[in-house]
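Visitor: Pasted the sequence and its predicted model underneath.
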Amino acid sequence: MRLLVTGAVVLVLCAGMLAASVGLEYGVPAFSDMDDYFIQHGQEQTGGNNIVTDIVFDFRGFDTLGEATVLFTAVLGIGLAFRKRKEDEEYDYE
Amino acid sequence: MLYDLPFLAAALLMVIGIATMLLRRNLIKVVMGLSLVEAGVNLLLVALGYRGGGIAPIFTNAPQDLMVLPTVQAMTLTNIVIGIATTALMLSFVMVIYRRYGTADADAVRRLRG
Amino acid sequence: MTMSKIVRTAAGWLFPFILVFGFYIVMHGHLTPGGGFQGGAVIATGFVLLIVAGSYGDISRRITKASLSGGETLGLLLFIVTAITGLALGGTFFANWLADGGLIFGNPVLFGANPGDLNTAGVIPIMNLAVGVEVLGALSVIVLYMLSGIAEEGA
Amino acid sequence: MIDIIHGIVLAGLLVSALYIVRCRDLLSAAISFGIFSFLLSLEFYILQAPDVAIAEAGIGAGLTTAIYIVAIRGTTRWEEVSG
Amino acid sequence: MTDIWTGAVVVLGILILLAMIRLVLGPTVPDRVVALDAVNTLTVAAMILLAVIYRQIVFVDVAIVYALLSFVGTLYIAKSVGGELGQ
Amino acid sequence: MAAIVTLQTGTGFWNPLAWCIAFAIALVFAYLIWMLGEKDPGKGGDLVRPYLSGNPEPEKSAVHLRGGNLYWGFTEALHGYYSRVTPLHSGILTDYLLWFLGVIAVVLIMVGVLA
Amino acid sequence: MIPAFILQHAPALLLCVPMLGAFATPLLGRLGAGIRNAWALLAMLATLCVAGILTSEVLANGTLIYTFGAAAPSFAVPLDSGGIPIRIIFAVDAMGAFMALSASIVGTAVLLYSIASQKKNSGQDGYYGLLLLLTVGILGMVCTGDLFNFFVFLEINSLAGAALVAYRVDKGVAVEAGLKYAVLSTLGGLLVLFAIALLYGQYDALNIAMIASRMQFTLLDKVALVMLLVALAMKAGSVPMHFWTPDAYSMAPSAITAFLVVASQASLYGVFRVVFSLYGLALDCLTVGWIIIILGVLSMFVGVTMAIPQKDVKRLMAYHAVSQTGYMLLGVGVALAVLGNQDLLAAYGNIAMQGGIFHIINHAMYKGLLFLTAGAIFYRTGTRNLNRLGGLGHSMKWTMIFFIIGALAIAGIPPFNGFASKLMIYESVFLFNPLLSIIAMVVSILTLASFVKVFHSIFMGPALPEYAEVREAPLPMLIGMGILALMVILFGVFPQQVVDILVAPAAAALTDQGGYIASVLGGA
Amino acid sequence: MIPFIATALVAFVLYLILTAGSGSFGLWSPVELGMGVLVSCVTAAISRSFFISDTGYRMANPLRWVRFAVYICVPFFLEMARANLDVAYRVITGNIRPGIVRIAPGLKTDFGVLMLANSITLTPGTLTVGVDEATNDLFVHMIHIGMGDEKKEIFESADLFSIFPLTDWIRRIAE
Amino acid sequence: MIADLLILACVGIGLLFNTLGIIGILRFPDVYTRLHAETKTTTFGTIFLAAAVVVYGVSRLLESGDGQYLTLSVHTVVALLALAVTNATGAHAIARAAHRSGQAPSPAVIDRYLEEEA
């Protein structure tokens, strides 16, 4: 039963995701105005030759800050998971 | 049909990852499935930005030519780092669970229910 | 438990090479492929290589979690302070306040395809460095923590 | 010509992904994941995204494999037999 | 001239697929690691050649990262197989 | 004052102040009624001793109605519903994932067909 | 009075203040616990101030635009770009400011409470850092006007939440809950990213307003809509994707649970933002509206019925959180279903919408209050099992009073705030479909019944001997609870003020898609 | 201090190699040089204790580096070519007779052992399997052991290589 | 023209050896012999492929005097060195691990390491 449901779900999702690959045309983006702006003006506005880095650190620098924060969060979380606990920190959950 | 290959592969990777998460009971396998889904999304993102005959958007030593779209690459970079952060966090959880429960079987890790 | 002498020696020799290469990637992020994340990941992999070649107990004494996570925090603070400085100097958050200023990293850039000059791009190299330090600290401390998890179990 | 390379790399990706799904030995799955990361990085490279390729090579191939191996060592190597 | 390079990359790709047969067949974990190493080496070669095909010199850096770092995963697997990890 | 606190709900209004006043008045009435009763039943008399068929009075903590027993009747009446719904919260991660993805699939079909 | 500098840069400061606080917390933790606590509290209070300033500014002057990295914050569209936004843009409209204010109020209360409740625990550096990071995630989600930025903050939200859920690693149960939360929300996040990729691939834009102005509702947009809608609804904890909610809410430290409610509501905000601002009238409002309504009704009913037989007090409250989420989905879903019809929208759609949005802040307050009281009880007695608790009304009087306030508010008893928003929902939904309204009322009654049970079994009855030494909760915890209780009463007594000042602009901002686009793109 | 300087020099040279061609043809721009100094100092500060584990500083001698380069280019490469032809022959014919033998090269430094082990691994039909930590003896898996050779307790390291005595080269480089 | 021929030859040799290596991986009976094939032949083949690239770079450098071709050659050599060192060390690590995990060389006439470890 469970296998059947799983199969059906996977099939539907497969159809949905394949629809995505059919709807878009590979190699020919429909619009490219934002990225063309980056390519044409990125170098003069930021001074970096690598447009990807320009985007990562200048145009979309805030995403990068968020992403560094994600890494920081993961480190804090892992540190909490493997921390050494005090003796009296046992709880009764039931 | 060969033309859309990267999109097809990305979709298939996502579906394979989802199937792994649903069908496999080991928690590490579940996390691996998640990583597969993430890889599929990354591939989709990068493939979306490809322009036929384009070159990488780096002006150092590049021939003057059409360039592929750079924004998706920045997004993919971000997503890769987010991916390893989540993967590491979840694997740590799995390790702690194994130490407390003695198992990493999703069907057995179910003290919270009802 | 350590790996064999060959692997240890190779790791010791490769480590500075990986470090230099990682810093190269970090500092040339605005010219060549790479940047803070990639370079930081490369350096972190260097640390991870040292950890695998030696024993956990030995390495965790020489490279402490505290110093690595301290470096991570410092990198993040440098990053956000660089961004805030743009705000404080009258621009906005994340404004590129060093570009074309003539100061450090402030050379005007040549347009079009050119080999590139390290001394350009304003705050981008600084942010690259900050993110590089952050990522290297974070990723290597993750592996150290996870190894501490199994070391505790084995003991 | 490039299309053929595309096809080959993507086929390799799918094969290694399917192998991750079906093998019961988690260590083998982690190795397969390493190959998967390599090929994904190569695919990014072919798609003209060298930045992403470096990130995937460094993070995906080096660190993720290491983290998976440590996690497998910290738990169990063999997947439970379903039943 | 470009055809030579491209043809070489295609051959390398086929070789990668062949090496993955060992991944699937390999009875033990070390056998699979052999496949991993082979794929790694071939990928580095393919990347160097592709840098020439694309005339993007800076792409070679990716190959260096690859060559330096893939080894770490191999070492972890070897340490784990040898039963030395975490002791 | 009344206008400030009145909530217009489109079809009507709601005034918490008025409600509070009404509630206070009701409280006053209740207090008055309570005052009408006997002031002091007296200590130790038969009037205040619980009658338990002649048995001694049990300890107070023993008669405290525990939370789990409070709506026993309700859950028993809806037993058919609970016996179906409770097992769905199986605690198994993959089941949760299946529900999530299943809803996505269903909504995908709904949106794809209807919209 | 307030420097123009802060006014101008309020959206950026709103995020970088708690970020700076979070980054420095582990370093300051090495200096001493007191310094660290003071620092965290300072950062949170500063965030609250900035949120207040931002809200007043937005309510006074309309949508606030902040462009990251541009020469001036309002340069959303560069002159030479042909009218397309390039950089990350924060577009804080009334709805976003409303959510930000609500989140920072709850955050302050929770942080105050934590200073007392976590005193004995290890790993407090990480705890406070993660608490501030969770704030960052929530605030970022509600402020951003950029889809990818939304995804990044969603991930911060998920990871910080999961790490905090797993905070009590002692028996592994909390880690189990954390793992479930992490896996589900990461998968949800990836599907959100998939949807963003589809939208990007079609329109080459990441800005919500830009995509909205180019929206054509093709097949791909439908797929993206489903992914965004369901993934965010899952994060908000609606039935039948709610299974992680009771696990995570019951196992997290109580202060965190109170904040996780707000974190879920940020996802709910995401649902509303996607449906109204991103798609707007382009989508088939009736179908999607009914999908949301069905999710809402299911949430209400299943949540409350599952709550009744629970033994664990926090698990019970968690199911109630699911149930209350249903009200918000119901209210907003009704508004969405009639979005295309101006007459119906004016007749009851707007009121339903306002009710749903008002319920968001009300729910954040009273559910936070309830979880905090549960945490205080757990802190003193060490158990959460209703079968073992009893007679605490003798020793924990203030906690009992706060609990009564919260319980009456959640059950929709006047004069507390829950009633006001529920009344709006009942009346407007009754005009839409009487059956839904009746279900909502029944659910409300069941909620009351279930809280009577909780109240009875925790506070009533004779003082039990095993809790003879139980005292009142410490002062900072009471202050934290007191702040929320005060808000509950205030919102209940002056509902029209809150609706007029905060809720109605928020609802108007959501339904006015054209205004949103125009404010970002500059009068398109 | 000496380890620091040595490591920094190596790092600086590597950095220069990596950035060759950054100026005009083959030259380095001044900023690049300054950054190189900075990077190599940081590298040295972090990695000196891992890079130089022996107390001796034999490798600081430039002559040894020249010898190293010559070693890589001529004897090692030729041996490697021969090895590959050998393995290619065995791949095609399948004519193998493998076994693990012990050799005692008598090298004293870790770097020498590393070089020999890697040379052995990359050259004729041999693969380093293990190393005796105390005596620096290597255990070598050979793809083809000559008839009767398996009786020998310890193999001569010279037997492994056919054209050049690589062990002596390594001894001259590393010791 | 000479450069072209040289490149052709190098690519040919490189591909030949790589192919032989992969065949060896598939054909040999146990992990140690497979490692022989993998380590030596694929590294050697890659050396030749890289040599082809270096030849290309040098020829273009002499032709155009453009500094970027120097970068190409130098970086290729660096990649090659890194590959050689890591491949050899990695092969050693795998072999040692395989031996430690109790996998004896299957057709073997002698195993001194086993005696040592025992």
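Guide: Right, received. Where do you want to start? Residues are numbered from 1 along each chain as shown, chains lettered A, B, ... in the order given.

Visitor: alpha carbons only for contacts and neighbour counts from here, please
Guide: Noted.

Visitor: for chain F, what are the low-confidence residue spans?
Guide: Where chain F drops to pLDDT under 70, the residues are F:1-5, F:9-11, F:39, F:41-52, F:54, F:56-70, F:115.

Visitor: what about 80?
Guide: Chain F contains residues with pLDDT under 80 at F:1-17, F:37-75, F:112-115.

Visitor: the helices in chain A, which residues?
Guide: A:2-23, A:33-46, A:51-54, A:61-81 (DSSP state H).

Visitor: isn't D:Glu56 right up against D:Leu39?
Guide: No: applying CA atoms under 8 Å, one finds D:Glu56 not in contact with D:Leu39, separated by 9.8 Å.

Visitor: Contacts only, for the residue most central in space within chain A.
Guide: The C-alpha lying nearest the average C-alpha coordinate of chain A belongs to A:Glu67 (CA atoms, centre = their mean; 8.6 Å). The neighbours of A:Glu67, taking CA atoms under 8 Å, 6 or more residues apart in numbering or on different chains as the test, are B:78, B:81-82, G:152.

Visitor: what's the most distant pair in those?
Guide: B:Val81 and G:Val152 (10.9 Å; CA to CA).

Visitor: who's more crowded, the two?
Guide: The neighbour count for B:Val81 versus G:Val152, taken as other CA atoms under 10 Å in any protein chain shown, is higher for G:Val152 (28 against 25).

Visitor: For G:Ile84, give me its contacts.
Guide: A:33-34, G:77-78, G:210, G:521.

Visitor: just curious, which of those is nearest to H:Ile46?
Guide: Closest to H:Ile46 out of the contacts of G:Ile84 is A:Met34 (42.6 Å), distances taken as CA to CA.

Visitor: Contact partners for the closest one?
Guide: By CA under 8 Å, 6+ apart, the neighbours of A:Met34 are G:81, G:84-86, G:204-205.

Visitor: Also C:Ser69?
Guide: C:137-138, C:141.

Visitor: Could you chop chain H up by domain?
Guide: Under the assignment automatic domain parsing, the domains of chain H span H:2-52, H:59-174.

Visitor: Export those domains as JSON lines, with columns for distance to C:Asn128 and mean neighbour count.
Guide: Listed next are the domains of chain H as JSON lines, based on distance: least, CA to CA, whole Å; neighbours: other CA atoms under 10 Å in any protein chain shown:
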{"stretch": "domain H:2-52", "distance to C:Asn128": "14", "mean neighbour count": "19"}
{"stretch": "domain H:59-174", "distance to C:Asn128": "33", "mean neighbour count": "19"}
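
Visitor: so where is chain A shaky, pLDDT-wise?
Guide: In chain A (pLDDT under 80), the answer is A:1, A:16-32, A:40-49, A:84-94.

Visitor: can you rerun that using 50?
Guide: The model of chain A has no residue with pLDDT under 50.

Visitor: where does chain F come near chain B, residue by residue?
Guide: Proximity of chain F to chain B, by CA under 8 Å from any CA of the partner chain, involves residues F:86-95, F:97-98.

Visitor: Out of the residues you listed, which sit inside helices?
Guide: Assigned to helices by DSSP H, the following of the residues of chain F next to chain B qualify: F:93-95, F:97-98.

Visitor: low pLDDT regions in chain D?
Guide: In chain D, residues with pLDDT under 50: D:83.

Visitor: And the helices in it?
Guide: D:2-22, D:26-46, D:50-55, D:65-74.

Visitor: out of those helices, which comes closest to H:Phe77?
Guide: Set against H:Phe77 and scored by CA to CA, those come closest in helix D:26-46, at 28.4 Å.

Visitor: show me what contacts C:Leu136?
Guide: C:40-44, C:72.

Visitor: how far away is it from C:Gly46?
Guide: 9 Å (CA to CA, to the nearest Å).

Visitor: swap in H:Pro30?
Guide: 28 Å.

Visitor: who in chain I is up against chain C?
Guide: Residues of chain I lying near chain C (CA under 8 Å from any CA): I:68, I:85, I:89, I:93.

Visitor: tell me, how many neighbours does the residue found closest to A:Thr69 once you drop the neighbours it is linked to in the chain end up with?
Guide: Take A:Thr69 and drop its neighbours on the chain: the residue closest to it by CA to CA, 6 or more residues apart in numbering or on different chains is G:Ile156, 7.1 Å away. When neighbours are counted by other CA under 10 Å, G:Ile156 registers 32.

Visitor: Mind telling me what element G:Ile156 is part of?
Guide: Element membership of G:Ile156 [criterion: DSSP states H and E] is helix G:147-165.

Visitor: Just the CA coordinates for that helix, please, in PDB.
Guide: C-alpha atoms of helix G:147-165 as PDB (Å, rounded to 0.1, in the frame of the first residue of the first chain):
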ATOM      1  CA  LEU G 147      12.700  35.700  -3.900                       C
ATOM      2  CA  PHE G 148      16.200  34.300  -3.500                       C
ATOM      3  CA  ASN G 149      16.800  36.400  -0.500                       C
ATOM      4  CA  PHE G 150      13.600  35.000   0.900                       C
ATOM      5  CA  PHE G 151      14.900  31.500   0.400                       C
ATOM      6  CA  VAL G 152      18.200  32.300   2.100                       C
ATOM      7  CA  PHE G 153      16.300  33.600   5.200                       C
ATOM      8  CA  LEU G 154      14.000  30.700   5.100                       C
ATOM      9  CA  GLU G 155      17.000  28.400   5.400                       C
ATOM     10  CA  ILE G 156      18.400  30.500   8.300                       C
ATOM     11  CA  ASN G 157      15.000  30.200   9.900                       C
ATOM     12  CA  SER G 158      14.800  26.400   9.400                       C
ATOM     13  CA  LEU G 159      18.400  25.700  10.500                       C
ATOM     14  CA  ALA G 160      18.300  27.900  13.600                       C
ATOM     15  CA  GLY G 161      14.900  26.500  14.500                       C
ATOM     16  CA  ALA G 162      16.100  22.900  14.100                       C
ATOM     17  CA  ALA G 163      19.200  23.500  16.000                       C
ATOM     18  CA  LEU G 164      17.200  25.000  18.900                       C
ATOM     19  CA  VAL G 165      14.700  22.300  18.800                       C
END
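
Visitor: Please enumerate the strands of chain C.
Guide: Counting by DSSP state E, no segments of chain C form strands.

Visitor: Which neighbouring elements make contact with the lowest-mean-pLDDT helix or strand in chain B?
Guide: Every helix and strand of chain B was ranked by mean pLDDT, DSSP states H and E. The lowest is helix B:5-23, at a mean of 85. Where contact means 3 or more CA pairs under 8 Å, 6 or more residues apart in numbering or on different chains; DSSP states H and E, helix B:5-23 is packed against helix A:2-23, helix B:27-48, helix D:2-22, helix F:93-114.

Visitor: Kindly format the C-alpha coordinates of the last one as PDB.
Guide: Below are the C-alpha coordinates for helix F:93-114, written out as PDB (Å, rounded to 0.1, in the frame of the first residue of the first chain):
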ATOM      1  CA  LEU F  93      10.200  10.500   9.200                       C
ATOM      2  CA  THR F  94       9.500   8.900   5.800                       C
ATOM      3  CA  ASP F  95       5.800   8.900   6.500                       C
ATOM      4  CA  TYR F  96       5.900  12.600   7.100                       C
ATOM      5  CA  LEU F  97       7.800  13.100   3.900                       C
ATOM      6  CA  LEU F  98       5.300  11.000   2.100                       C
ATOM      7  CA  TRP F  99       2.500  13.100   3.400                       C
ATOM      8  CA  PHE F 100       4.300  16.300   2.400                       C
ATOM      9  CA  LEU F 101       5.100  15.100  -1.100                       C
ATOM     10  CA  GLY F 102       1.700  13.600  -1.500                       C
ATOM     11  CA  VAL F 103       0.000  16.900  -0.800                       C
ATOM     12  CA  ILE F 104       2.300  18.500  -3.300                       C
ATOM     13  CA  ALA F 105       1.200  15.900  -5.800                       C
ATOM     14  CA  VAL F 106      -2.500  16.300  -5.100                       C
ATOM     15  CA  VAL F 107      -2.300  20.100  -5.300                       C
ATOM     16  CA  LEU F 108      -0.300  19.800  -8.400                       C
ATOM     17  CA  ILE F 109      -3.100  17.800 -10.000                       C
ATOM     18  CA  MET F 110      -5.700  20.200  -8.600                       C
ATOM     19  CA  VAL F 111      -4.100  23.300  -9.900                       C
ATOM     20  CA  GLY F 112      -3.100  21.600 -13.200                       C
ATOM     21  CA  VAL F 113      -6.600  20.400 -13.900                       C
ATOM     22  CA  LEU F 114      -8.800  23.100 -12.400                       C
END
